[in-house]
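A.B. asks: Sequence and computational prediction follow.
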Amino acid sequence: MGPLLILFILVIVVVAWAIIKYNGLVTLRNQVSNGWKQIDVQLKRRHDLIPNLVNTIKGAMQFEQETLQKVIAARGAAVNATGVADAAVKEGALSGALGRLFALAESYPDLKSNENVKQLQEELSSTENKIGFARQFYNDIATKYNIAQQVFPGNLVAGIFGFKPAELFEIKEAGDRDVPQVDLSLKK
């Protein structure tokens, strides 16, 4: 009776461990999904603000239509992104296009003093910060989820139940890693 009882207790412990590990992985997977949804909400806000900004400055920047078109095209691509990796690439391109637009807008005195443009730029800047924080949270929880799947013995449960690693937001383009050059000299 002793060995049978020990075997029964051992089976119960292994099953309880597997259930706890499975539930932990499901919890992390749901947190990763929630993290992505938080990014998605901020990206939608960003995508909604951009047409308002473009329409507000379109008249004043008559000679910069190419820049406006690039922003619109980058926004369209970003809106249609599928998955984390695709969104990271397309949102990076959109950030670059917006940066060029803001830099050009600085050379138009009418735009610099326009309250609507200022407000939209502030809202976009605030949204960019929120996106940054949401991406950081997402990458942190996705990394935790990925580690939980890859370490022994959690990898056994993850493999049995088909858990897949989460994609991370990362810089794919080498040029995106470059530090921007800022010239604060007053030379003209």
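C.D. replies: Alright, I've got the coordinates. From a predicted model like this one, the values you see are computed outputs, not experimental measurements.
A.B. asks: Got the phi and psi for residue 164?
C.D. replies: phi -110, psi 140 (degrees, to the nearest 10).
A.B. asks: Number of residues surrounding it?
C.D. replies: Residue 164 is flanked by 10 other residues according to other Cβ atoms under 10 Å. Glycine gets a C-beta too; all of them are placed from N, C-alpha and C.
A.B. asks: go on, residue 56?
C.D. replies: Neighbours around residue 56, by other Cβ under 10 Å: 17.
A.B. asks: so it makes contact with residue 119?
C.D. replies: No. Residue 56 lies out of contact with residue 119 (Cβ atoms under 8 Å); the separation is 9.3 Å.
A.B. asks: By mean pLDDT, flag the weakest helix or strand of the protein.
C.D. replies: helix 109-113 (a mean of 73; mean pLDDT, DSSP states H and E).
A.B. asks: That one: which residues count as buried?
C.D. replies: residue 111 (16 or more other Cβ atoms under 10 Å).
A.B. asks: Without its sequence neighbours, what residue ends up closest to the most centrally placed residue in the chain?
C.D. replies: With distances taken as Cα atoms, centre = their mean, the residue of the chain nearest its centroid is residue 135 (4.2 Å). Spatial nearest neighbour of residue 135, excluding adjacent residues (Cβ to Cβ, 6 or more residues apart in numbering): residue 169 at 4.7 Å.
A.B. asks: ok, the one you found touching residue 134?
C.D. replies: No. Residue 169 is not in contact with residue 134 according to Cβ under 8 Å; the separation is 9.4 Å.
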